[in-house]
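**Student:** pasting the structure only:
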């Protein structure tokens, strides 16, 4: 989360996040799930999707790819593995025609991961939730 926002600090913030995630899953069938190390069961971070609507096309839904890894696990290939698996899952389940992801300019590693996964850069876009410009990526999964 270094490049995104401060971590959740209170039990209430964590519970609010869990409740929102559960509601999103119940409504859309997607959410962020724990990334676990297969051999040890250690939680490495989370990865998944938000279902979003295109402002220019209210009928056009898309999946927003989200991934967060523990800093101790950066640079070990887990991010690439998670992004590749998430995109494969999205193609298989056909919930939307495209996947969009964004990342900060400083997070060059994530930009490389997204490009290696076949996503193409669309340039910088302003995001109200993070109150900054981020590089946006997209891939057609039809």
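**Tutor:** Perfect, thanks for sending it. No experiment lies behind these values; they were computed from the predicted model shown.

**Student:** Which parts of this structure are helices?
**Tutor:** Counting by DSSP state H, the chain has helices at residues 11-28, 78-93, 108-116.

**Student:** Using CSV, lay out the ones you listed together with mean pLDDT and distance to residue 64.
**Tutor:** C-beta coordinates here come from the backbone N, C-alpha and C atoms, glycine included. Shown next, in CSV, are the helices of the chain (pLDDT from 0 to 100; distance: least, CB to CB, whole Å):
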stretch, mean pLDDT, distance to residue 64
helix 11-28, 79, 11
helix 78-93, 95, 11
helix 108-116, 96, 12
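
**Student:** Which stretch among the ones you listed approaches residue 101 most closely?
**Tutor:** helix 108-116 (5.5 Å; CB to CB).

**Student:** neighbouring contacts of that closest one?
**Tutor:** Identification of contacts with helix 108-116 by CB atoms under 8 Å, 6 or more residues apart in numbering yields 3, 67, 74-75, 79-80, 83, 101, 103, 121, 135, 137.

**Student:** Go through the residues you listed and name the one nearest residue 33.
**Tutor:** Looking across these and measuring by CB to CB, the closest to residue 33 is residue 67, at 10.8 Å.

**Student:** rewinding a little: nearest to residue 141, out of the helices of the chain?
**Tutor:** With CB to CB, the closest approach to residue 141 among the helices of the chain belongs to helix 78-93: 4.6 Å.

**Student:** Please point out which parts of stretch 119-137 sit buried.
**Tutor:** Going by neighbour count (16 or more other CB atoms under 10 Å), the buried part of stretch 119-137 is 119, 134-137.

**Student:** what separates the residue lying closest to residue 69 once chain neighbours are set aside from residue 72, distance-wise?
**Tutor:** Closest residue in space to residue 69, ignoring its immediate chain neighbours: residue 45 at 3.8 Å, by CB to CB, 6 or more residues apart in numbering. From residue 45 across to residue 72, the span is 10 Å (CB to CB, to the nearest Å).
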